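1. Here is my input; please provide its structure:
(one chain, ligands or ions: 1)
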Amino acid sequence: MASALPPDWSDRLRLDRAHVWHPFTQMKEHEADPPVPVVGGEGCDLILGDGRRVLDGISSWWTNLHGHGHPRLLGALERQAAKLDHVLFAGFTHEPAVELVTRLKAKLPARLTRCFFSDDGSTSVEVALKMAFQAQAQKSQTRRTRFGALHGGYHGDTLGAVGVGELDNFMTGIFRPLLLRCDRLAVPEDPRRELAPDLAGWEGVLSSARENLRVFFARHGEELAAFIAEPLLQGAAGMRMWPPELLQELRAQCDAHGVYLILDEVMTGFGRTGTLFAHSQAGVEPDLLCLSKGLTGGILPLSLTWATEEIYSRFWGDYTEGKAFLHGHSFTANPMSCAVACASMALFDDEPVLARAAELGQALREAWGRLAQHPAVRQARQLGTVAACRIVDPGTGQPHLPEARFPWRFHRLALDHGLLVRPIGDCLYLLPPLNTPPGRIREAVTTLAELLNGGW
Ligand SMILES: Cc1ncc(COP(=O)(O)O)c(C=O)c1O
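-> Numbering: from 1, shown residues only. Below is the predicted model of the structure:
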């Protein structure tokens, strides 16, 4: 339960209210309900300003892999900071960048041979979109001025990324006149991920979705530079889990129509879905791959866009041909971020990170199976270390009305009970750090069930 903040925090909160503009926030709500001070992080817990510990049930926006304050990541950061903090990456290179590329190259499909650095998930997507467009143009495919994307997709908040994200919501609709031209394809959710699946009619749904995909490419395929998708799991859409067979069909159609396939593994990468990368579960290899969030173990900003040799070759030539990829950011390949990312990758090699994630996934599955019995819970599902469900009003069986502010109020209520969750619409989910002890997950799910009993 909430306790009092130390006195210095009331002054900080006054200054925060006076000057800080928080992300994804209607700031008016902070008038009555100010942001929660966080003063520490230890393992899978965050420590709040009033001394409470809360389980980081969403890995601090899907970033944290190995827990907060991991000594190997912090050690790598300290050592690198003492050697070289930052240097521009145009015309220069450094050890941690080369080591990171070498470490990751060994874990990626062999066809991904070239790696471009940027700072966050959105910029890794911008880079992929620009690379795809420019590569097509430089092989005389100048009609390819559009992109394909999945309905419900989320690829970040810069204008290019917003252009290929879902447009039918209040966050992005207003920017419509400014955005890339994009054609969207709907794919069904995969009932086989549900804990109590109803597979009646599923084969028919899958084969008509496959047919839709072919029709989509027959209609748009010649105008698309690339198609972008979050493989198997659309996070911001409300943890929508979609079938690997359709990812395979997407690959086949991209090949048949000369369209590059961009896989955005910003969220699904680094073990979240049970394998190091989600695309391997479908046996599908992209032309461009976006990585961020867990790349540094989730503790520093960094992102990568990997490309095939074919794409890279389209930019190769004499300077005067004007074919280079003229894109970059001030902090491209920051050495400290790269060193921490190397330490995170080394953890995957030296410790049973994926085996622990599998144990966590199993504990999550068992606990979520119990939550699935709750009258407010529908469509309980799981993929790797991500478990999700829909929350309804048990009286009516319908989602809560938007005015009830279920996501915000439930988030605040859970914090008061030692758990950080942040529902997306009617989707309640857990996505904890990969090394969260299974016992903590069982406790967290018990807490969720109790809070749902309390009136939600
Ligand atoms: C799949 C996906 N792509 C891109 C992004 C954008 O990443 P960032 O917030 O680091 O810009 C996100 C963020 O949640 C994401 O989930």
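
2. In space, what's closest to the residue nearest to the spatial centre of the chain - neighbours in sequence excluded?
-> The centroid of the chain falls nearest to Met267 when counting by C-alpha atoms, centre = their mean (2.1 Å). The shortest distance from Met267 to any non-neighbouring residue, by C-beta to C-beta, 6 or more residues apart in numbering, is to Gly235 (4.4 Å). Where C-beta positions appear, they are placed from N, C-alpha and C, glycine not excepted.

3. just to revisit the earlier point, next one, pLDDT for the residue nearest to the centre of the chain please.
-> What the model reports for Met267 is a pLDDT of 98.

4. who touches the closest residue to Glu189 other than its chain neighbours in this structure?
-> Nearest residue to Glu189, sequence neighbours excluded (C-beta to C-beta, 6+ apart): Arg240, at 5.4 Å. When contacts are counted by C-beta atoms under 8 Å, 6 or more residues apart in numbering, Arg240 touches Gly152, Glu189, Leu233, Gln234.

5. Am I right that Trp368 is in contact with Leu383?
-> No: judged on C-beta atoms under 8 Å, Trp368 makes no contact with Leu383 at a distance of 11.3 Å.

6. Out of the contacts of Arg240, name the ones that lie in strands.
-> Residues of the contacts of Arg240 located in strands (DSSP state E): Leu233, Gln234.

7. min pLDDT across the contacts of Arg240, which one?
-> Among the contacts of Arg240, Gly152 has the weakest pLDDT, 94.

8. And that one, how far from the ligand?
-> Separation of Gly152 from the ligand (C-beta to the nearest ligand atom, to the nearest Å): 11 Å.

9. Phi and psi next, for that residue.
-> When quoted as degrees, to the nearest 10, the phi and psi of Gly152 stand at phi 80, psi 0.

10. what's the answer for Ala282, then?
-> phi -100, psi 0.

11. Next, count neighbours for Gly274.
-> 19 (other C-beta atoms under 10 Å).

12. for it, what are its contacts?
-> So Gly274 contacts Gln281, Ala357, Ala358, Gly361, Leu383, Gly384, Thr385 (C-beta under 8 Å, 6+ apart).

13. give me that answer again for 7 Å
-> Ala358, Gly361, Leu383, Gly384 (C-beta atoms under 7 Å, 6 or more residues apart in numbering).

14. Validate this expectation: it resides in a strand.
-> No: counting by DSSP: H, G, I helix; E, B strand; the rest coil, one finds Gly274 to be coil, located in no strand.

15. So what touches stretch 421-440?
-> 44, 55-59, 62, 64-67, 236, 238-239, 271-272, 353, 356-357, 359-360, 363-364, 385-391, 399-400, 406-407, 410-411, 414, 441, 444, 448.

16. what residues are up against the residue of the stretch 101-250 of the chain found nearest the ligand?
-> The stretch 101-250 of the chain approaches the ligand most closely through Gly121 (2.1 Å), counting by C-beta to the nearest ligand atom. The contact partners of Gly121, by C-beta under 7 Å, 6+ apart, come to Gly156, Val266, Cys290, Ser292, Lys293, Ser303.

17. distance of it from Val205?
-> Counting by C-beta to C-beta, to the nearest Å, the gap between Gly121 and Val205 amounts to 31 Å.

18. How about Ala32?
-> Relative to Val205, Ala32 is positioned 45 Å away (C-beta to C-beta).

19. can you give me the strands for the stretch 351-456 of the chain?
-> 377-383, 386-391, 419-420, 427-430 (DSSP state E, counting those that start in this stretch).

20. got the residues of this structure near the ligand?
-> Residues of the chain lying close to the ligand by C-beta under 6 Å from any ligand atom are 62, 120-122, 125, 154-156, 230, 235-236, 264, 266-267, 292.

21. Apply 5 Å and report the result again.
-> Asp120, Gly121, Ser122, His155, Gly156, Glu230, Gly235, Asp264, Val266, Met267 (C-beta under 5 Å from any ligand atom).

22. For these, pick the one with the most neighbours.
-> Asp264 (32 neighbours).
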